[in-house]
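Peer 1: Return atomic coordinates for the entry below.
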Amino acid sequence: MKKIVCLLLICSTALTYGQSSQRAKNYLDEVNKKIASYTTISIDFHYAQIDGKSGDINQETDGHIDLKENLYRLSFMDMTRIFDGKKIYTISDEDKEVTVSKYDPKKIDNALPLQILTFYKEGYDLQWDILQNVKGKEIQYIKLIPLDKKSGIKEVLVGVDHATKQIYTKIQVNKNGSKSVLTVKSFKTNQSMSKNHFTFTSADYSNYYINNID
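Peer 2: Model prediction:
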């Protein structure tokens, strides 16, 4: 009898776990589909790195990104990065330098910003997490646990504004206790953006060193 009860408990737990995982995937699929429907996206965000031992903020900064299809213009950590569909231009005002490289989808650091919405599809176990009120917004969290046991990442929490189905925050918790937190401050869609906004104009940087690495 005890064996039967144990078997039923195991089956029940596995079923609940599976339902949670499917629910989480369906939810993120819905978010991804809605965001992909926008013609343009303009986001102001805050980024912070938190020490695992002290809990102190090691680094924090604000950033901004504009996206149109696969094109993007990112301002972050005193640098500007422009992707025109073929090449990536990384502009450092401090160094007076522009680094130009060909886009290679196989390179991790060439990942397109919108891929933050699809990274959950491979390499993670998804679980439905808490619904939390944050500054008057109902934020639904989805927990992602890496399938690779050797990964330095313990878990990733993706927080979604439940009313708008827009990403509100992404929290990466590492196994050493450190965290990186990206929080959206402003999320605007379908804004008017010219094609030139995603074009690098060398004449604007005539006194910069142009470093073509590809």
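Peer 1: In this protein, what helix or strand scores lowest on average pLDDT?
Peer 2: helix 2-36 (a mean of 66; mean pLDDT, DSSP states H and E).
Peer 1: what residue ranges in the protein score low on pLDDT?
Peer 2: 1-19, 106-117 (pLDDT under 70).
Peer 1: can you give me the strands in it?
Peer 2: 40-50, 57-68, 71-76, 79-83, 87-92, 97-102, 124-134, 137-146, 153-161, 166-174, 179-189, 209-212 (DSSP state E).
Peer 1: With distance to His197 added, can I get the ones you listed in a markdown table?
Peer 2: Backbone N, C-alpha and C define where each C-beta goes, glycine included. Putting these into a markdown table (distance: least, Cβ to Cβ, whole Å) gives the following:
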| stretch | distance to His197 |
| --- | --- |
| strand 40-50 | 9 |
| strand 57-68 | 7 |
| strand 71-76 | 6 |
| strand 79-83 | 9 |
| strand 87-92 | 13 |
| strand 97-102 | 17 |
| strand 124-134 | 31 |
| strand 137-146 | 29 |
| strand 153-161 | 26 |
| strand 166-174 | 22 |
| strand 179-189 | 14 |
| strand 209-212 | 20 |
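Peer 1: Out of those strands, flag the one nearest Ser21.
Peer 2: With Cβ to Cβ, the closest approach to Ser21 among the strands of the chain belongs to strand 124-134: 5.2 Å.
Peer 1: Parallel or antiparallel, list what pairs with that closest one.
Peer 2: strand 137-146 (antiparallel) (DSSP bridges).
Peer 1: hmm, who's touching the partner strand?
Peer 2: 24, 27-28, 120, 123-133, 153-163, 168-169 (Cβ atoms under 8 Å, 6 or more residues apart in numbering).
Peer 1: just to revisit the earlier point, what would the strands of the chain look like in CSV with distance to Ser202 and mean neighbour count?
Peer 2: Output for those, formatted as CSV (distance: least, Cβ to Cβ, whole Å; neighbours: other Cβ atoms under 10 Å):
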stretch, distance to Ser202, mean neighbour count
strand 40-50, 25, 17
strand 57-68, 20, 15
strand 71-76, 16, 18
strand 79-83, 12, 18
strand 87-92, 9, 18
strand 97-102, 8, 16
strand 124-134, 41, 15
strand 137-146, 41, 18
strand 153-161, 38, 19
strand 166-174, 34, 19
strand 179-189, 29, 15
strand 209-212, 7, 12
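Peer 1: which stretch among those comes nearest Phe198?
Peer 2: Short answer: strand 71-76, nearest of the strands of the chain by Cβ to Cβ, at 4.0 Å.
Peer 1: That closest one - which strands sit beside it in the sheet, and in what orientation?
Peer 2: strand 57-68 (antiparallel), strand 79-83 (antiparallel).
Peer 1: Met193: which of the ones you listed is closest?
Peer 2: Once these are compared by Cβ to Cβ, strand 57-68 is nearest, at 5.5 Å.
Peer 1: Format the CA atom coordinates belonging to that closest one as CSV.
Peer 2: What follows is strand 57-68, C-alpha atoms only, in CSV (Å, rounded to 0.1, in the frame of the first residue of the first chain):
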residue,chain,number,x,y,z
ILE,A,57,26.0,47.2,-5.8
ASN,A,58,29.3,46.9,-7.6
GLN,A,59,28.2,48.7,-10.7
GLU,A,60,25.0,50.4,-12.0
THR,A,61,24.2,52.5,-15.0
ASP,A,62,21.3,53.5,-17.2
GLY,A,63,20.9,52.7,-20.8
HIS,A,64,18.7,53.1,-23.9
ILE,A,65,18.0,51.0,-26.9
ASP,A,66,16.0,51.5,-30.1
LEU,A,67,15.0,48.5,-32.2
LYS,A,68,13.4,48.2,-35.6
